[in-house]
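[1] next come a sequence and a model predicted from it.
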Amino acid sequence: MLCLVPPRRKVAWASRLLAWYRRARRALPWRRTRDPYRIWVSEVMLQQTTVATVTPYWRRFLRRFPTVRALARAEEDEVLVLWSGLGYYSRARNLHRAAREIVSRHGGRFPRTLDAALALPGIGRYTAGAVLSIAYGVPLAVVDGNVARVLARLFLVRGDPRSPRAARRLWTLADSLVPAVGPGDWNQALMELGATLCAPDSPRCAPCPVRSACRAHRAGLQEKVPSASPRPKTVAVEETAALLRRDGAVLLVQRPGWGLLGGLWDLPAGKPESLARRYRVGLTLGQVRHAILNRRITRTVVEAEARRGVRLEGRWVPLRDLPRLPLAGAARKALAAGRIPQPRGADRAHGGADRRDSG
DNA sequence: AATACGTGGCA
DNA sequence: TTGCCAAGTAT
């Protein structure tokens, strides 16, 4: 018979890692529940995002949408509002769609099988394994950035962990290590080690519970393994954003529902000449800077009025309705440059991140 | 297989 | 200021 599951590997350091995890783990709010929905939301928010950033978002999101059904009933705009500032907005749109699928096809309960979980939008091998192992105790491995780094060092897997070859090796290792009992704690222990001690730079090997088993440490290569993956070069982008005001409202446009900042609202923005076809441009209100992925955007915010006879794209949004629209980060900064008050306080995760850079 | 997809914090 | 990083998924 073909052996699809790699043979289970028994390692001497497993109990040390688990003991360390039980003692040293951080008291994260999503570790206080076995509710697959709450764990799922945390896993999606944590994709490529730090714990410190996620925590307030997770609390607000679960307060507003305490159950899968509550999320499934919501309008997409409201879901995006609660995601606004977290980035990678397709995560929120997929989470919302998946919640509706769970209600319509799984009776409102997060599925218990790998295949059913993987069929949901926005859930890949990592998230499926994390939710099923932590919430239901299904013995599935996970490989995220942390686990990849930890296993690459323990087993001296060289090369870029994102390359197909290394990734295959790391998943095979992870599969072989995951225990039949308590897979959730095991997976979290590996992730916690990577997040706290086995850091990308300057790993703290002295207090590491599995140092003696670590091939990279033995070879003195813990700073070199795994090798870093190349990053795209940053490009500078300059654009102009138009601030149009009328009767206590501002003109905003909604970006297309896919791609960059999909579904989010923003000021009309673009090259100066393209804005000038639609608007009469007045005073410059300020410049704001915003980095998105590999783009460094410098945005000049100008007062503007509609040209006579030009049909305007977008919607006049009363200022008091701004909290109900998902705004892009660059839109918040541009509005701040125009001295337009932002929805914040108890309603927002962040304080004064929006800053007028110059005048 | 390679690329698109956000943001804030930190050295 | 610039570059790099943080619990990935979709195409």
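    Here it is on my side, so go on. Owing to the predicted nature of the structure, the values given are computational and were not obtained by experimental measurement.

[2] mind checking how far the longest helix anywhere in chain A is from the chain centre?
    If you go by DSSP state H, chain A has its longest helix at helix A:90-106. Taking CA atoms, centre = their mean, to the nearest Å, one finds the center of helix A:90-106 at 16 Å from the center of the full chain.

[3] can you pull the contacts of the residue in chain A that DNA strand C sits nearest to?
    As assessed by CB to the nearest atom of the strand, DNA strand C sits closest to residue A:124 within chain A, at 2.7 Å. Backbone N, C-alpha and C define where each C-beta goes, glycine included. Residue A:124 is in contact with residue A:118, counting by CB atoms under 8 Å, 6 or more residues apart in numbering.

[4] swap in residue A:190?
    A:17, A:142, A:146-147, A:150-151, A:174.

[5] now, those that are in strands?
    Taking DSSP state E, every one of those sits outside strands.

[6] check these for burial and list the buried ones.
    The neighbour-count criterion (16 or more other CB atoms under 10 Å) marks A:17, A:142, A:146-147, A:150-151, A:174 among the contacts of residue A:190 as buried.

[7] so where's the stretch 1-150 of chain A uncertain?
    Scanning the stretch 1-150 of chain A for pLDDT under 70 picks out A:1-7.

[8] ranges for the helices of it?
    A:14-24, A:36-46, A:51-64, A:68-73, A:76-83, A:90-106, A:114-118, A:125-136, A:145-154 (DSSP state H, counting those that start in this stretch).

[9] for residue A:341, which of the ones you listed is the nearest?
    helix A:76-83 (16.5 Å; CB to CB).

[10] what's the closest one packed up against?
    helix A:51-64, helix A:90-106 (3 or more CB pairs under 8 Å, 6 or more residues apart in numbering; DSSP states H and E).

[11] can you list the helices of the stretch 1-150 of chain A in CSV and add distance to DNA strand B?
    Shown next, in CSV, are these (distance: least, CB to the nearest atom of the strand, whole Å):
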stretch, distance to DNA strand B
helix A:14-24, 21
helix A:36-46, 9
helix A:51-64, 6
helix A:68-73, 19
helix A:76-83, 9
helix A:90-106, 6
helix A:114-118, 16
helix A:125-136, 13
helix A:145-154, 11
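
[12] could you export those helices as TSV, including distance to residue A:277?
    Converted to TSV, the helices of the stretch 1-150 of chain A look like this (distance: least, CB to CB, whole Å):
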stretch	distance to residue A:277
helix A:14-24	60
helix A:36-46	40
helix A:51-64	38
helix A:68-73	41
helix A:76-83	29
helix A:90-106	31
helix A:114-118	47
helix A:125-136	44
helix A:145-154	45
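
[13] nearest to residue A:252, of the buried ones among the contacts of residue A:190?
    residue A:146 (38.5 Å).

[14] in which helix or strand does the nearest residue to that closest one once chain neighbours are set aside reside?
    Distance criterion CB to CB, 6 or more residues apart in numbering; nearest residue to residue A:146, sequence neighbours excluded, is residue A:194 at 2.7 Å. Following DSSP states H and E, one finds residue A:194 within helix A:183-196.

[15] report the angle between that helix and helix A:36-46.
    20 degrees (axes from the mean of the first three to the mean of the last three CA atoms, to 10 degrees).

[16] the contacts of residue A:190: which ones sit near DNA strand C?
    residue A:146 (CB under 7 Å from any atom of the strand).

[17] how many neighbours does residue A:219 have?
    Residue A:219 has 12 neighbours, counted by other CB atoms under 10 Å.

[18] the one 5 residues further on too?
    Counted with other CB under 10 Å, the neighbours of residue A:224 add up to 12.

[19] next: the one 4 residues further on.
    Burial of residue A:228, expressed as a neighbour count using other CB under 10 Å, amounts to 10.

[20] if you skip the residues just before and after it, what's nearest to it?
    Residue A:228 sits nearest to residue A:160 (CB to CB, 6+ apart), 7.6 Å away.

[21] residue contacts, residue A:184?
    Residue A:184 neighbours (CB under 8 Å, 6+ apart): A:133-135, A:137.

[22] separate out the buried members of those.
    Using 16+ other CB under 10 Å as the burial test, those include A:133-135 as buried.
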